[in-house]
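**Q** Take this sequence and fold it.
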Amino acid sequence: MIFYHSVIAEENPIDYGEQANTDAVQLRVYNLVLPIGTIMDAAEKRYKKQGLTVPIKLYDDVKEFAITTIPWIFEQFKAVTNESIKEFMTAEFPKLYKAIDKIPFEEAKQANLQVLIQDLSHAVIPPL
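**A** Purely as a prediction, here's the structure:
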């Protein structure tokens, strides 16, 4: 039996529990976030064909939030709290409710709500 190990192309202090500099943390975050954006882009294409416009709006807003927040996090690395996330969610829900209200068909509203609930559930449930 052959075992394969992933090779670290460049040593990353985070992988060894050492003190990381801002550049290493930033690189690590972008490497972790990029695949999520790719998954969201693919979902947006599928959802658009199904008329699921509200999850697409959420994804666009989350991407914009991440793009503007990630650099800010590195500027104030130790001062980051959950407040910015709470502020985002507090502002996001009224926008989503209005978008759902504008959908003319009940079936489309229900489909959008179902996907939103799934996405939000995945965001708050820690991986096993």
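**Q** For the rest of this, base every contact and every neighbour count on C-alpha atoms.
**A** Fine.
**Q** State the helix or strand in which residue 117 lies.
**A** Here residue 117 sits within helix 106-124, counting by DSSP states H and E.
**Q** Would you mark the buried spots in that helix?
**A** 108-109, 111-113, 116 (16 or more other Cα atoms under 10 Å).
**Q** Please apply the same query to stretch 51-61.
**A** Neighbour-count burial for stretch 51-61 flags 52-60 (criterion: 16+ other Cα under 10 Å).
**Q** Determine the set of other helices and strands touching the helix holding residue 117.
**A** Packed against helix 106-124, as judged by 3 or more Cα pairs under 8 Å, 6 or more residues apart in numbering; DSSP states H and E, are the following elements: helix 53-75, helix 83-102.
**Q** can you put those in TSV and add mean pLDDT?
**A** Listed next are those as TSV, based on pLDDT from 0 to 100:
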stretch	mean pLDDT
helix 53-75	82
helix 83-102	82
